[in-house]
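Asks: Dropping the sequence and predicted coords here.
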Amino acid sequence: MEAILKRKIGRESKDYLAITFGLVCYALGWVAFLLPYQITTGGVSGIAAIIYYATGIEIQVSYFVINAVFLGFALKILGPKFSVKTIYAIFMLTFLLWWFQVLFRNSDGNLPQLLGPGQEFMACVIGAGLLGFGIGIVFCNNGSTGGTDIIAWIINKYKDVTLGRMMMYCDIVIISSCYFIFHDWKRVLFGFCVLFIMSFVIDYVINSSRQSVQFLIFSRKYEQIAEGISTQIDRGVTLLDGQGWYSKQDIKVIVVLAKKGESLDIFRLVKDIDPDAFVSQSNVVGVYGEGFDKLKVK
């Protein structure tokens, strides 16, 4: 029981550290690249940025207030669907947005354009990359920054509109509204560029971290290999009965499903035990169950 508790605490601590790192990247993207060049995007951060450009109210203040209101509605309408990690992420991101602005501001109180004047597009690309990378890490570690996904959940409860489509509608309205601040369609296009790049990077980060592989291992030393994979790499092993068509000899086939990052460890283990083993590795579209993603089909 104590060992299980220690593992759980270790996993939670790792999640919070990773979420914090992701939020640092996200806040850095905003403060160092998007805010100085007056670029916005979707979500609550985008709304807060537009308020900042229009009124001068700092982005972290609007971000926190809007999320607090959304969380209040969500708890009342949806119940406690959002975890402690969401509340932690909202508070931490509020702090990081404030802290990075303190660090970056010039003596005149303005945020410097680190890439130089007239570099809006490069700022858009780099900032969006940092935003997408940060949010992808947060999502991979079971975190959330709240925001427009709360609105999407609330509307989805009463209307037959998918969450993804609802969030897309929200982002389109938010980005388009920056035209009324700057009266410049270029700013709107930059906002959609940020949204597109962010989405691409988020998908890449999430898919990379969750990509799984399947091994078929043919070896006479199958018992040693199976035991090594089970104990040293901590992956489940299945043995299948096979028969060589040419030799007509019976053989055991080891089947292993693992994370892509564990591939090298498996290859090294197999080589150490049986350098003559026949190994097949293939990518799999999805693996669900214990140790992998949870089944979410209703």
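Replies: Structure received. Numbers count the residues shown, from 1 in each chain.

Asks: buried sites along the helix or strand harbouring Tyr88?
Replies: Taking DSSP states H and E as the definition, Tyr88 sits inside helix 84-104. The neighbour-count criterion (16 or more other C-beta atoms under 10 Å) identifies 85-86, 88-90, 92-94, 96-98, 100-101, 104 as the buried residues of helix 84-104. Yep, even glycine has a C-beta here, placed from its N, CA and C like the rest.

Asks: Relative to Arg220, which of those is nearest.
Replies: The nearest member of those to Arg220, counting by C-beta to C-beta, is Lys85 at 47.7 Å.

Asks: returning to what we had before: mind putting the buried residues of helix 84-104 into JSON lines with distance to Ile273 and pLDDT?
Replies: Conversion of the buried residues of helix 84-104 to JSON lines gives the following (distance: C-beta to C-beta, whole Å; pLDDT from 0 to 100):
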{"residue": "Lys85", "distance to Ile273": "41", "pLDDT": "79"}
{"residue": "Thr86", "distance to Ile273": "45", "pLDDT": "78"}
{"residue": "Tyr88", "distance to Ile273": "44", "pLDDT": "88"}
{"residue": "Ala89", "distance to Ile273": "44", "pLDDT": "87"}
{"residue": "Ile90", "distance to Ile273": "49", "pLDDT": "88"}
{"residue": "Met92", "distance to Ile273": "45", "pLDDT": "93"}
{"residue": "Leu93", "distance to Ile273": "47", "pLDDT": "92"}
{"residue": "Thr94", "distance to Ile273": "52", "pLDDT": "93"}
{"residue": "Leu96", "distance to Ile273": "47", "pLDDT": "95"}
{"residue": "Leu97", "distance to Ile273": "52", "pLDDT": "94"}
{"residue": "Trp98", "distance to Ile273": "55", "pLDDT": "94"}
{"residue": "Phe100", "distance to Ile273": "50", "pLDDT": "94"}
{"residue": "Gln101", "distance to Ile273": "56", "pLDDT": "93"}
{"residue": "Phe104", "distance to Ile273": "54", "pLDDT": "90"}
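
Asks: Could you check how many residues crowd around Trp245?
Replies: The local packing of Trp245 (other C-beta atoms under 10 Å) involves 7 other residues.

Asks: ok so it is a helix residue?
Replies: No - secondary structure of Trp245, determined by DSSP: H, G, I helix; E, B strand; the rest coil: coil, with no helix assignment.

Asks: pLDDT averaged over the longest strand along the chain - what is it?
Replies: Using DSSP state E, we find that the single longest strand of the chain is strand 250-259. pLDDT averaged over strand 250-259 equals 90, rounded to a whole number.

Asks: cool, and stretch 50-65?
Replies: Throughout stretch 50-65, pLDDT has a mean value of 91.

Asks: Next: stretch 5-22.
Replies: Averaging pLDDT along stretch 5-22 yields 83.

Asks: Next: stretch 188-208.
Replies: According to the model, stretch 188-208 has a mean pLDDT of 86.

Asks: Can you get me a residue count around Gly72?
Replies: Using other C-beta under 10 Å, Gly72 has 11 other residues around it.

Asks: and the closest residue in space to Leu216 that isn't next to it in sequence, which of the three is it?
Replies: Across the structure, with C-beta to C-beta, 6 or more residues apart in numbering as the measure, the residue nearest Leu216 apart from its sequence neighbours is Ser280 (4.3 Å). Under three-state DSSP, the three-state class of Ser280 is strand.
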